[in-house]
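Peer 1: Need a 3D model of the sequence below.
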Amino acid sequence: MDIVVGVDGSNASIDALRWSLDEARLRGDASVVVVHAYRVPDGRTPEVHVSPHLPPDLARKAAGQGRDRRDEQYALAREHAEALVEKAITEADPDDGDVRIKRAVFAQEPAQVLIEMSEEADLLVVSSRGLGGFRGLLMGSVSQQVVQHAHCPVAVVR
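Peer 2: Numbering: from 1, shown residues only. Here you go, the predicted structure:
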């Protein structure tokens, strides 16, 4: 039994992860798959895309690399994404150990990844609002897409 939870580094996503871990404990045999997906350039524009998930110092470095260094930028973005997942797990469950936790990082659109992962999940968990978008929305765009298209039950944590 897998509970898939999307994290983006926001406090709201840490709360969603914490909720997922508590739910796994209640279910007894569930594992939690912590997923972070980040957007990458689509190849239609010649400029170097700097991932919004890079910290400012790495973003400046990546922006100065030029197109020939795009692979290095992607490696930095992935490294940061993996660190983001580890930090989220540490913040949500500092005592660790009693729930099986799996990690997954994807360089793809977040909603698409979560919807695809929902095909094999027993429960998909997202926060109501993360790092993106419009302050007036009750749910962020990723959570709205996931609620509409997921293949399993979805919990939206506020």
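Peer 1: so what pLDDT did the residue most central in space within the chain get?
Peer 2: With distances taken as C-alpha atoms, centre = their mean, the chain has His36 as the residue nearest its mean C-alpha position (2.5 Å). Confidence at His36, expressed as pLDDT, is 96.
Peer 1: swap in Asp22?
Peer 2: Looking at Asp22, its pLDDT is 94.
Peer 1: ok but it is inside a helix, no?
Peer 2: Yes: residue state for Asp22 (DSSP: H, G, I helix; E, B strand; the rest coil) corresponds to a helix.
Peer 1: circling back to that earlier point, the residue nearest to the centre of the chain against Leu114, yeah?
Peer 2: No: taking C-beta atoms under 8 Å as the contact criterion, His36 and Leu114 are not neighbours in contact, 10.4 Å apart. Bear in mind the C-beta positions are built from the backbone N, C-alpha and C, glycine included.
Peer 1: Could you name every residue contacting both of these two?
Peer 2: Residues touching both His36 and Leu114 (C-beta atoms under 8 Å, 6 or more residues apart in numbering) are Gly6.
Peer 1: what ranges do the strands span in this structure?
Peer 2: The residue ranges that make up the strands of the chain, judged by DSSP state E, are 2-6, 31-37, 100-106, 123-127, 154-157.
Peer 1: of the ones you listed, which approaches Leu84 most closely?
Peer 2: For those, proximity to Leu84 was assessed by C-beta to C-beta; strand 31-37 is nearest, at 5.6 Å.
Peer 1: residues in contact with the closest one?
Peer 2: With C-beta under 8 Å, 6+ apart as the test, strand 31-37 has contacts from 1-9, 17, 20-21, 24, 81, 84-85, 88-89, 99-110, 112-114, 117, 121.
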